[in-house]
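> Provided below are the primary sequence and the corresponding predicted coordinates.
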Amino acid sequence: MPSASRWLPIVLSGVGSLSSGCGSDPEPEPEPSYDLEALRDPETCAECHPIHHREWLGSMHAYAGEDPVFRAMNAKAQRETGGELGDFCVSCHAPVALALGLTEDGLNLDELPQEVQGVTCYFCHQVESVSGTHNNPLQLAMDAVMRGSLSDALAPDVHGVANSDLLNRNRMASSQVCGSCHDIVTPDGAHIERTFAEWQASFYGDPDPDDPERPAVYGLTCNDCHMDRSTGPIADYPGVRGDRSRHAHSFVGVDVAVTDFPDAELGPQLRAEQLAEITEQRKTSLCASLCVKDLGGGGGAEVTVWLHNEGAGHSWPSGSGQDRRAWVELIARDDADQVLYSSGVVSEDEAIAELDDPALMLLRDRIFDADGNETHDFWKAASYESNLLLAPDELSAASDGLTWRDNSYSVDAMPARVNMRVRLRPIGLEILAELVASGDLDPAVLDATSTFDVAPAVLEWTPELAVDSTGAVDYGSCVSSSPGCGAPALN
């Protein structure tokens, strides 16, 4: 049994504490004092997170409030609805400005400081809960605590820290945050942007059956594809560990800035960096096959193109499908290199949707107003028709096979060479032309819109390069993106 003398210091210490408490309570530790206004400014974040900040600055998140196409569409929509559209657009394009009561409809963004426009650091790292699946149902804490994926983050002088599954790429919940604005339903009920719903319907969105808060072993969250992982410090701050899993904040997707943002010096550099990352990401998006069958007897040839959404994680293309324009350009030539046949060939300033080409393979959505008339105006959309490359709904050969798409072309003579490529415009030129005509968009934006080729769906067929198809149907001889990236019907 311990002796009484062993407890004496503790007892005396307790008495001392009690006696000191008889006068006045001890002074509590002062609460940290944070500058909320400064914390909302991404430039504050750049002081400790310079790499994250530069990546973000080149992203469409940073550009969301500045984007002239968004500004033009919102202006036209507000005018045509008499302001009834309200915060429909700005809730995702400038959510912090909306939360602070600085705007109601986004028409005054030119009058607001840059730090409250776009999808900012403060917006994402303030998410406290998600109350729905589309049109930004995010609930923000609007405090000085920045939430993230670390459970042992070092708290700096400028903000508090907290761990959140909503900001953890290894948790299914993190995709809810992305999906909140990458899933849009119009006032008339048309589900015109379905990226989150497409992911949920695919096998990529399957949860782990033993731990539903995590993705399945073959699954992916949004951030697995759109926030590349590397190892290193995540802040330039004393005491920060150097072995963290750092996530890129460039948020690579389809779109790029069409003006020099944030300025004429840095804008072109950021655009080039973003385009390089987009090109790299697209290398795993599609698979393609190109087949040519000699019909014999001078009957010409049948050319077949096969496309597959190999790794997008959702439909391809995705996002505002009514604006996207992805298509197959195909050119068949004879021995003298003369063009025998072509489809999908347009100049850089020609709208593909207006091309008179019955054989055109065009991937896009169409939206219709309440009277069934096709429109480009999303605020009028009451229904839609979709013609995109779907992601497989389950991880199986059967599901994979069902999601290949083919298109056939009749060529009057047997070609010596056939070239195909998948081309992509983030938005149709005819849509931009309408915004220019209405006076809402600077014509320079139309001129700055780019057309991209999507590797590896860029193929050349010649008899020497091709191998015979061996499937149930004879498609002639074929070339594919790679031995493991060809149409299953060919074997």
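Received the coordinates, thanks. Residues are numbered from 1 along each chain as shown.
> going forward, measure contacts and count neighbours with C-alpha atoms only.
Will do.
> phi, psi for the spatially most central residue of the chain please.
In the chain, the centroid-proximal residue (C-alpha atoms, centre = their mean) is G253; its distance is 4.2 Å. When read as degrees, to the nearest 10, the backbone of G253 gives phi -150, psi -130.
> which residue comes closest to it once chain neighbours are left out?
I278 (6.5 Å; C-alpha to C-alpha, 6 or more residues apart in numbering).
> the one you found: helix or strand, and which one exactly?
Per DSSP states H and E, I278 falls inside helix 266-282.
> count of neighbours near the closest residue in space to A312 that isn't next to it in sequence?
Of all residues beyond its chain neighbours, the one nearest A312 is S285 (5.0 Å), with distances taken as C-alpha to C-alpha, 6+ apart. For S285, the neighbour count with other C-alpha atoms under 10 Å is 19.
> what's across from H247 in the sheet?
R229 (DSSP bridges).
> pLDDT at it, what is it?
Per-residue pLDDT puts H247 at 95.
> distance-wise, check it relative to Q176.
Counting by C-alpha to C-alpha, to the nearest Å, the gap from H247 to Q176 is 18 Å.
> more neighbours, those two?
Q176 (24 against 19).
> the more buried one belongs to a helix?
Yes. Counting by DSSP: H, G, I helix; E, B strand; the rest coil, Q176 falls inside a helix.
> for D183, give me its contacts.
T133, H134, N135, H191, I192, E193, R194, T195, F196, A197, G319 (C-alpha atoms under 8 Å, 6 or more residues apart in numbering).
> sorry, back to before: ok, the residue nearest to the centre of the chain touching A276?
No. The criterion here is C-alpha atoms under 8 Å, and G253 misses it with A276 at 11.5 Å.
> number of nearby residues for T231?
That count, for T231 with other C-alpha under 10 Å as the rule, works out to 11.
> over to it: give its phi and psi.
Main-chain dihedrals, T231, degrees, to the nearest 10: phi -110, psi 130.
> could you find the closest non-adjacent residue to it?
Residue nearest to T231 in three dimensions, not counting chain neighbours: S245, with 4.8 Å by C-alpha to C-alpha, 6+ apart.
> assign a three-state SS to S129, would you?
Relying on three-state DSSP, one would call S129 strand.
> where's the residue nearest to it when sequence neighbours are not counted, which helix or strand?
Residue nearest to S129 in three dimensions, not counting chain neighbours: Q139, with 5.2 Å by C-alpha to C-alpha, 6+ apart. Using DSSP H and E, Q139 sits within strand 138-140.
> pLDDT on the next helix or strand after that strand, on average?
Helices and strands here follow DSSP H and E; after strand 138-140, the next one along the chain is strand 145-148. Per-residue pLDDT over strand 145-148 has a mean of 96.
> list the neighbouring strands of strand 145-148 plus their orientation.
In its sheet, and by DSSP bridges, strand 145-148 pairs with strand 160-163 (parallel).
> could you dump the strand it pairs with to PDB, C-alpha only?
Provided in PDB are the C-alpha atoms of strand 160-163 (Å, rounded to 0.1, in the frame of the first residue of the first chain):
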ATOM      1  CA  GLY A 160      -7.900  26.700 -37.500                       C
ATOM      2  CA  VAL A 161      -7.900  23.200 -39.000                       C
ATOM      3  CA  ALA A 162     -10.400  20.300 -38.900                       C
ATOM      4  CA  ASN A 163     -10.600  16.900 -40.500                       C
END
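> which other residues reach it?
A144, V145, M146, R147, G148, S149, L150, S151, A153, L154, A155.
> show me which of the residues you listed are buried.
Buried members of the contacts of strand 160-163, scored by 16 or more other C-alpha atoms under 10 Å, are A144, V145, M146, R147, G148, S149, L150, A153, L154.
> I'd guessed R171 sits against D165; true?
Yes. Using C-alpha under 8 Å, R171 makes contact with D165 at a distance of 6.0 Å.
> which of these two has more neighbours?
Between R171 and D165, R171 has the larger neighbour count (other C-alpha under 10 Å), namely 21 against 18.
> related to what we said a few turns ago, how about the buried ones among the contacts of strand 160-163 in JSON lines, adding distance to P215?
Shown next, in JSON lines, are those (distance: C-alpha to C-alpha, whole Å):
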{"residue": "A144", "distance to P215": "30"}
{"residue": "V145", "distance to P215": "27"}
{"residue": "M146", "distance to P215": "24"}
{"residue": "R147", "distance to P215": "21"}
{"residue": "G148", "distance to P215": "18"}
{"residue": "S149", "distance to P215": "16"}
{"residue": "L150", "distance to P215": "18"}
{"residue": "A153", "distance to P215": "24"}
{"residue": "L154", "distance to P215": "27"}
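> would you mind checking which of those residues is nearest to D406?
S149 (42.5 Å; C-alpha to C-alpha).
> got the contact list for the residue nearest to that closest one when sequence neighbours are not counted?
The spatial neighbour of S149 that comes closest, neighbours along the chain excluded (C-alpha to C-alpha, 6+ apart), is N168 at 4.5 Å. Counting by C-alpha under 8 Å, 6+ apart, N168 makes contact with G148, S149, S174.
> and for P262?
P262 touches L57, counting by C-alpha under 8 Å, 6+ apart.
> read off the pLDDT value for it.
96.
> now it, what are its backbone angles?
Here P262 shows phi and psi, under degrees, to the nearest 10, equal to phi -90, psi -10.
> the residue nearest to T231 against D228, yeah?
No. In this structure, S245 is not within contact of D228 by C-alpha under 8 Å, at 9.9 Å.
> so what's V145 up against?
Q126, H159, G160, V161, A162.
> Y218: which of the buried ones among the contacts of strand 160-163 is nearest?
S149 (21.2 Å).
> how close does that closest one get to H191?
31 Å.
> go on, D400?
Taking C-alpha to C-alpha, one finds D400 at 25 Å from H191.
> isn't I331 up against R421?
No. The pair I331 and R421 does not pass the contact test of C-alpha under 8 Å, sitting 9.4 Å apart.
> any common contacting residues for these two?
In contact with both I331 and R421: no residue, using C-alpha under 8 Å, 6+ apart.
> what's around A75, how many residues?
Each residue near A75 was counted by other C-alpha under 10 Å, and the total is 19.
> shift numbering so it begins at 30
Got it, the first residue is 30 from now on, which makes the last one we talked about A104.
> and it, helix, strand or coil?
helix.
> verify the stated contact: it with L470.
No. Counting by C-alpha under 8 Å, A104 sits too far from L470 to count as a contact (9.6 Å).
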